[in-house]
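**Student:** Kindly return the folded structure for what I paste below:
(2 chains)
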Amino acid sequence: MRAFEFVTAKDSNHAVALLAQHSVSAKVRIVAGGTDMMADLKFAPASHCPDLVVDISRAEDLKNIAVTEKGLSIGALVTHNQIMRSPLIRDMFPALVDAAHTIGAVQTRNLGTLGGNLVTGVPSMDSGPTLVALEAIASIAGPGGRREVPLSEFWLGPRKTILKPDELLAEIIIPKQNLNKPTHFLKFGLRKGQALALVNVAASFRVGSVSADGFHGSTTAEWDKDIFVAPRIALGAVAPKVVRALKAEAFLEGKAVTPENMAEAGQVAVTDCKPISDFRASAEYRKDLVAILTRRALEGAYELAKAKR
Amino acid sequence: MVTVTLTVNGEKRTASVPPETTLLRMLRDNLSLTGAKLGCDVGDCGACTVIVDGRPVNSCLMLAAQADGRTVLTIEGLATADRLHPLQKAFENYGSLQCGFCGPGVLMSAKALLDENPNPTVPEIRDALGGNLCRCTGYSKMIEAIQVAARTLRGEPAEKTA
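**Tutor:** The predicted structure follows:
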């Protein structure tokens, strides 16, 4: 690894001040858990290496998980392991726990942070889909204070975000109206451990009920009662960034919660993505996965909705 | 240079290292603790696993400076002068290692698991070893030994009687 200068930020304000001070004249990189940065720098050409590394791993103000007036706030430095252990998250969003559990292995989950996973911005990231389906907001700290952007607009492409050199991702907020929204996450990789997603999917919706006369022709009595309200589907590893399956969502809105509609939504979701073929899987295979995982994620969210009734 | 002070295996140790030094390099090159191994160097193989503030981590992915002030347990801190740790004893009895290169990492992962969960299920053991690659053993004998060590640490007979 090429030599660099190193400075530790005491908290997020200090980190922002350090970035403001150094990012004009030097190539600066922020390190949090280090799991992506260290692996990257060991093989990077010298031109890609930072002059200065700002360590934010001791910024305690970025490590909180709490419900605020805005919604559920998760600090950018919360590790994947902390997400898995948080009673609050386990209760509200088991999908976030499932997603965290599929990242790397125990050792990397103890180091790696939610913010780091999002900022690295690889399209197959496992933290992205659930948060995008829950319409999460990225709270960004910069010299002028905080600014908030929808997480879905945080990425510009693979490994590219809207962060300016003097900014850092501080916090992820799941908006109030989506608290406890039944959500399910699924990942398909080539192995159970330490594998990147070929496709990952999160589905989220609330269950509404139809008026007494009903307006659809499903045959199963129990399914007759429920309709999709605010369905949200997010797909990972099948586009340059995590994407919403907007056509599939529009297809489901207001429709009866039936196995047929879930399967159809999966087919529609295929038209919402543009997977590539690479050494892990062909585009065709990824499309098949999108259809099936979307259906299963919808089924999982519905199971959760029923369990929470 | 950065000055890094760690509590390693119960002892305060300080070294002055270049900022880009990983915790693994510092342990091996500056503190002569060569139990943790340099394998893949990118967090895949787990041979470098050590326990920092109670949690197993890849020491190849952590900068030494990030570990300043923290408590580190390495494989060297597992046994006492006259006695192997029950995990080490069980690994020996069950022939759980062959070449042994992954061993220090596997044992630290197992130690962290049992510290937190004294009675793990087989799926929980498998999950705890998910970040430790072993190309010799096929893991079965490690899982057996971890179960035996867990029983010993719980004060139960090492062998199942039923």
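
**Student:** Low-confidence bits of the stretch 201-309 of chain A, can you list those?
**Tutor:** Residues of the stretch 201-309 of chain A meeting the criterion pLDDT under 70: A:211-224.

**Student:** all strands for chain A, in order.
**Tutor:** Taking DSSP state E as the test, the strands found in chain A are A:5-8, A:28-31, A:52-55, A:65-67, A:71-75, A:137-142, A:145-150, A:155-157, A:160-161, A:168-175, A:183-189, A:197-209, A:226-236, A:243-244.

**Student:** ok, now chain B?
**Tutor:** For chain B, applying DSSP E gives strands covering B:2-8, B:11-17, B:49-52, B:55-58, B:71-73.

**Student:** so who does the residue in the stretch 101-250 of chain A that chain B sits nearest to touch?
**Tutor:** Ranked by Cβ to the nearest Cβ, the top residue of the stretch 101-250 of chain A for proximity to chain B is A:A105, at 2.5 Å. For every residue, glycine as well, the C-beta is placed using N, CA and C. Applying Cβ atoms under 8 Å, 6 or more residues apart in numbering or on different chains, one finds that A:A105 lies in contact with A:G193, A:Q194, B:G46, B:G130, B:G131, B:N132.

**Student:** Arrange these in a markdown table, one row each, with neighbour count as further columns.
**Tutor:** Putting the contacts of A:A105 into a markdown table (neighbours: other Cβ atoms under 10 Å in any protein chain shown) gives the following:
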| residue | neighbour count |
| --- | --- |
| A:G193 | 16 |
| A:Q194 | 18 |
| B:G46 | 29 |
| B:G130 | 21 |
| B:G131 | 26 |
| B:N132 | 27 |
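
**Student:** Show me chain B divided up by domain.
**Tutor:** B:2-77, B:86-153 (automatic domain parsing).

**Student:** what's the straight distance from one end of the last one to the other?
**Tutor:** Translated: domain B:86-153. Separation of the first and last residues of domain B:86-153 by Cα to Cα, to the nearest Å is 7 Å.

**Student:** re the thing from before, got a markdown table for the domains of chain B, with distance to chain A too?
**Tutor:** Below are the domains of chain B laid out as a markdown table (distance: least, Cβ to the nearest Cβ, whole Å):
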| stretch | distance to chain A |
| --- | --- |
| domain B:2-77 | 3 |
| domain B:86-153 | 3 |
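
**Student:** Including mean pLDDT, could those domains go into a markdown table?
**Tutor:** Compiled in a markdown table, the domains of chain B are given as follows (pLDDT from 0 to 100):
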| stretch | mean pLDDT |
| --- | --- |
| domain B:2-77 | 98 |
| domain B:86-153 | 97 |
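
**Student:** What are the boundaries of the helices in the stretch 1-150 of chain A?
**Tutor:** With DSSP state H, counting those that start in this stretch as the criterion, the stretch 1-150 of chain A has helices at A:12-22, A:35-41, A:80-85, A:87-92, A:94-101, A:106-111, A:114-120, A:128-133.

**Student:** Need the winner for burial among these.
**Tutor:** Across the helices of the stretch 1-150 of chain A, averaging neighbours per residue (mean count of other Cβ atoms under 10 Å in any protein chain shown) puts helix A:128-133 on top, at a mean of 30.

**Student:** Quick one: distance of that one to the chain centre.
**Tutor:** Averaging C-alpha positions (Cα atoms, centre = their mean, to the nearest Å) puts helix A:128-133 4 Å from its chain's average.

**Student:** Packing partners of that helix?
**Tutor:** Packing partners of helix A:128-133 (3 or more Cβ pairs under 8 Å, 6 or more residues apart in numbering or on different chains; DSSP states H and E): helix A:94-101, helix A:114-120, strand A:183-189, strand A:197-209, strand A:226-236, strand A:243-244.

**Student:** export these to JSON lines and tack on distance to chain B?
**Tutor:** Output for the helices and strands packed on helix A:128-133, formatted as JSON lines (distance: least, Cβ to the nearest Cβ, whole Å):
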{"stretch": "helix A:94-101", "distance to chain B": "8"}
{"stretch": "helix A:114-120", "distance to chain B": "11"}
{"stretch": "strand A:183-189", "distance to chain B": "12"}
{"stretch": "strand A:197-209", "distance to chain B": "16"}
{"stretch": "strand A:226-236", "distance to chain B": "21"}
{"stretch": "strand A:243-244", "distance to chain B": "28"}
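
**Student:** Would you mind finding the most buried of the strands of chain B?
**Tutor:** Most buried of those, by mean neighbour count (mean count of other Cβ under 10 Å): strand B:55-58, with a mean of 28.

**Student:** got the CA positions of that one in PDB?
**Tutor:** Only the C-alpha atoms of strand B:55-58 are listed here, as PDB (Å, rounded to 0.1, in the frame of the first residue of the first chain):
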ATOM      1  CA  ARG B  55     -15.500  -8.900  18.400                       C
ATOM      2  CA  PRO B  56     -13.700 -11.000  15.800                       C
ATOM      3  CA  VAL B  57     -12.400  -8.800  13.000                       C
ATOM      4  CA  ASN B  58     -10.100  -9.200   9.900                       C
END
